[in-house]
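with the sequence up front, the predicted model follows.
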Amino acid sequence: MDARNPRAEALTDDSPGAWEEVLDHLAGVDRTYWLTLNREDGTVHTRPLLAVWVGGRPYFACGDGTRKARLLAGSPPVSLAVATGRLDVVIEGRAERIREESLVEEVAGAYPAVYGWEPVAEGALITGPEGAPTAGPPPYAVYGIVPETGYAFPADDVGHGPTRWRFGPQPR
């Protein structure tokens, strides 16, 4: 299975949703996402951020000096959540820093269409105008989430019930 075709499981008696429909919906959502990970002492650290979807995976940026970046070292388990008005979505998986320049460029190129923020890829980092208030000062490192489990809870009539998706090993 890949990031675009996970196995769906209905969480109620309603039919499960299609992950591709969730991806299509999330691709253009200009909402605040919430990233949760654990501090070194085991307490929870949750912060807002701006995420974009590229190749079926969520990506975000943050400055190296932020607490978020320090906690992200070592590809920790994370949870990323967003409420879109139609769906409440949670992605659980592992965060990884992206150093592949072509992917960093793709991620930088996704931000203007979604948020109006126009960062520029410079090698394995992105820079640009201030515009990511929760990311700290530029330059920004790019992180992706390798999804393990995804959930969608309908907030209106989307044609399916609450669904869990299980992802297999992910490339990249």
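Perfect, I can see it now.

just the CA atoms of the helix ranked longest in the chain, as PDB, please.
With secondary structure taken from DSSP state H, the chain has its longest helix at helix 101-115. Coordinates of each C-alpha in helix 101-115 appear next as PDB, following Å, rounded to 0.1, in the frame of the first residue of the first chain:
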ATOM      1  CA  GLU A 101      16.000  19.400  -3.000                       C
ATOM      2  CA  SER A 102      13.400  18.600  -5.600                       C
ATOM      3  CA  LEU A 103      10.800  17.600  -3.000                       C
ATOM      4  CA  VAL A 104      11.600  20.800  -0.900                       C
ATOM      5  CA  GLU A 105      11.000  22.800  -4.100                       C
ATOM      6  CA  GLU A 106       7.600  21.000  -4.600                       C
ATOM      7  CA  VAL A 107       6.600  21.700  -1.000                       C
ATOM      8  CA  ALA A 108       7.600  25.400  -1.300                       C
ATOM      9  CA  GLY A 109       5.600  25.600  -4.500                       C
ATOM     10  CA  ALA A 110       2.500  24.200  -2.900                       C
ATOM     11  CA  TYR A 111       2.200  27.000  -0.200                       C
ATOM     12  CA  PRO A 112       1.200  29.900  -2.500                       C
ATOM     13  CA  ALA A 113      -1.900  28.200  -3.900                       C
ATOM     14  CA  VAL A 114      -3.200  27.200  -0.400                       C
ATOM     15  CA  TYR A 115      -2.100  30.000   1.900                       C
END
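
next secondary structure after it?
From helix 101-115 onward toward the C-terminus, using DSSP states H and E, the following helix or strand is strand 120-122.

so how far is that next one from its chain's centroid?
Chain-centre distance of strand 120-122: 20 Å, with C-alpha atoms, centre = their mean, to the nearest Å.
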